[in-house]
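Engineer: here is a sequence with its predicted model. Questions after.
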Amino acid sequence: MSFATVHFAKIPVGFYLKLLSAPAVFVILSVVIIAFFFGSGTELFGFDVLGYRLGVNTGGLDMALLVFSRTLSGMSCLFFLALTTPMVELFAVLKATKLPDSFIELSMMMYRYIFVFLEVAWGIKYAQTVRLGYKDWRTGLNSLAMLATTLFIRSWEQGEKIFISMSARCYDGRILFFEEKRPVRATELILTGTYFSVILALWYLTNDISIF
């Protein structure tokens, strides 16, 4: 998926690696903890800390590598979807699956409010910064508390404005959005089928493989 994201979607490598580096710290910490504290088998290496033995065994290392590979695969698939597919198309697919309209509309509003929150927060933080609101630790903490309070009030007001604008456009409880229906080409079906066939074959062949 990383290759498809960079090569076919033309996402810059540096930008893509920067996205992957965001959750990398949590993944590495989790993998290290799993390697040292989980699993069983032959000890590969270890050391004593205050009379307590810490070591990495074969079972723990296998489990850590499995978690790392699954996490990396999940993140690459998530970023591929996020970087290549507009949210309108995702909501259209959800609607085609006959999910309740209330669920889809709630998801759309939550997605919209993420950017409303960010826009308001960035504006408030910029105003605080130019007024030296983060010049030291104590002042920064007070400014952060004020930002959180003001953000709630401003976001509530912004939400009311959005609702008024929707009501002025004859909102009746249903959100209509533009759907572009494109015919599915045979090449796309063949590539998709080949991809999933390869994935299933690899899963079947490597299901019981243990590195150590």
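Structural biologist: Cool, the structure landed.

Engineer: and the strands in the protein?
Structural biologist: 43-49, 52-57 (DSSP state E).

Engineer: for residue 13, find the nearest of the ones you listed.
Structural biologist: If you check each of the strands of the chain against residue 13 by C-beta to C-beta, strand 52-57 wins as the nearest, at 32.1 Å. Every C-beta, even on glycine, is put in place using the N, C-alpha and C of the backbone.

Engineer: which helices and strands does the closest one pack with?
Structural biologist: Here strand 52-57 touches helix 24-37, strand 43-49, going by 3 or more C-beta pairs under 8 Å, 6 or more residues apart in numbering; DSSP states H and E.

Engineer: format the ones you listed as JSON lines; extra columns: mean neighbour count.
Structural biologist: Output for the helices and strands packed on strand 52-57, formatted as JSON lines (neighbours: other C-beta atoms under 10 Å):
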{"stretch": "helix 24-37", "mean neighbour count": "14"}
{"stretch": "strand 43-49", "mean neighbour count": "10"}
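
Engineer: what's the closest of these to residue 60?
Structural biologist: The nearest among those, by C-beta to C-beta, is helix 24-37 at 4.9 Å.

Engineer: and the closest one, what does it pack against?
Structural biologist: strand 52-57, helix 58-84.

Engineer: export it as PDB, just CAs?
Structural biologist: Extracted C-alpha coordinates of helix 24-37, given in PDB (Å, rounded to 0.1, in the frame of the first residue of the first chain):
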ATOM      1  CA  ALA A  24       5.900   5.600  15.000                       C
ATOM      2  CA  VAL A  25       6.800   6.500  18.600                       C
ATOM      3  CA  PHE A  26       3.800   4.700  20.100                       C
ATOM      4  CA  VAL A  27       4.300   1.700  17.800                       C
ATOM      5  CA  ILE A  28       8.000   1.400  18.800                       C
ATOM      6  CA  LEU A  29       7.200   1.700  22.500                       C
ATOM      7  CA  SER A  30       4.500  -0.900  22.200                       C
ATOM      8  CA  VAL A  31       6.800  -3.300  20.300                       C
ATOM      9  CA  VAL A  32       9.600  -3.000  22.800                       C
ATOM     10  CA  ILE A  33       7.200  -3.600  25.700                       C
ATOM     11  CA  ILE A  34       5.700  -6.700  24.000                       C
ATOM     12  CA  ALA A  35       9.200  -8.000  23.200                       C
ATOM     13  CA  PHE A  36      10.400  -7.800  26.800                       C
ATOM     14  CA  PHE A  37       7.300  -8.700  28.800                       C
END
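
Engineer: just the buried positions in stretch 81-98, please.
Structural biologist: Across stretch 81-98, burial judged by 16 or more other C-beta atoms under 10 Å covers 90-92, 94-95.
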